[in-house]
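this one's structure only:
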């Protein structure tokens, strides 16, 4: 982890509890999944909706992969997201452990290798392993507590019934779905493609730099050199349709 990533993580910790969803009283009792199956839970999960989470405000298009080292039995989590501060895709890898692997295997702790003093406690609230999962964290505060809820799916673009099933389960567990916010997935397809092609180097290009958008020149040349084709999607006809 470089200095920039470490600084970013420290900033994430500072804002982690700001703007969270507050509730009165103590953290509620949540279910223990005695037969939680790590082998089925491993792999890629894409964030779809969540409560407001302060430390995720530095990025968008979050997804993550749980990986098991079969030599040691250790499990790590590789988080992918688009860093809106650095304007580039970012990967963070941390360790995931269950403090009580037999008594509460779905209650997990996440730590970053170079930030061992900071632990993030969360749990798998419910999952069908194949389509969706609900992750949850509760942090006691001087008055009341804050909650964080995430809906994640195996597919980056799940069908409606998958989200519906996840939300129905969330309601049955006493969680309020009105606090859920949809993940900004505008960069998801491009981000995923670049993650799957790590040999390609991204150019650090300002998204709104003055006179630095090559698309303007490309469009100008295309308008001059290419024949006119009406937009069929907007109601026009293509030359083939005219024939």
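Thanks, I have it. Source: prediction; values computed, not measured.

helices along this structure, start to end?
3-14, 38-41, 160-172, 188-195, 214-225, 239-242 (DSSP state H).

and the fourth one, average pLDDT?
pLDDT averaged over helix 188-195 equals 65, rounded to a whole number.

do stretch 83-101 as well
Mean per-residue pLDDT for stretch 83-101: 89.

mind listing what's buried in that stretch?
The neighbour-count check on stretch 83-101 (16 or more other Cβ atoms under 10 Å) flags 83-84, 89-90, 92, 94, 96, 98 as buried. Glycine gets a C-beta too; all of them are placed from N, C-alpha and C.

cool, and stretch 136-148?
For stretch 136-148, the neighbour count (16+ other Cβ under 10 Å) marks 136-138, 145-148 as buried.

low-confidence stretches in the chain?
Along the chain, the parts satisfying pLDDT under 70 run over 1-19, 115-117, 184-192, 195, 202-243.

what comes into contact with stretch 101-118?
1, 6, 9-10, 13, 32-34, 36, 38, 77, 92-100, 119-125 (Cβ atoms under 8 Å, 6 or more residues apart in numbering).

restricted to strands, list those.
77, 92-97, 119-125 (DSSP state E).

and the two most separated of these?
Largest separation among those by Cβ to Cβ: 93 and 125, giving 23.7 Å.

check contacts around residue 39.
By Cβ under 8 Å, 6+ apart, the contact list for residue 39 reads residue 68.

re the thing from before, and which of the buried residues of stretch 136-148 is nearest residue 55?
The shortest approach to residue 55 among the buried residues of stretch 136-148 belongs to residue 148, at 9.6 Å (Cβ to Cβ).

which one is the closest one nearest to, not counting chain neighbours?
Spatial nearest neighbour of residue 148, chain neighbours left out: residue 137 (4.4 Å); criterion: Cβ to Cβ, 6 or more residues apart in numbering.

please apply the same query to residue 80.
Counting by Cβ to Cβ, 6+ apart, the nearest residue to residue 80 once its immediate chain neighbours are dropped is residue 63, at 5.0 Å.

hmm, the one you found is touching residue 44, no?
Yes. Assessed by Cβ atoms under 8 Å, residue 63 is found in contact with residue 44 at 6.4 Å.

look at these two and report which has more neighbours.
Ranked by neighbour count (other Cβ atoms under 10 Å), residue 63 and residue 44 place residue 63 first, with 22 against 17.

who does that one form a beta bridge with?
Note on residue 63: beta-bridge partners residue 46, residue 80, judged by DSSP bridges.

rewinding a little: contacts only, for the residue nearest to residue 148.
If you count contacts by Cβ under 8 Å, 6+ apart, residue 137 has them with 120-123, 147-148.

closest one of these to residue 171?
Nearest to residue 171 among those: residue 147, at 14.2 Å, using Cβ to Cβ.

who are the contact partners of that closest one?
Contact analysis of residue 147 by Cβ under 8 Å, 6+ apart lists 20-21, 23, 27, 51, 136-139, 175.

let me have the buried residues of stretch 136-148 in TSV, adding distance to residue 167 as columns.
Formatted as TSV, those follow (distance: Cβ to Cβ, whole Å):
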residue	distance to residue 167
136	14
137	18
138	19
145	22
146	21
147	15
148	16
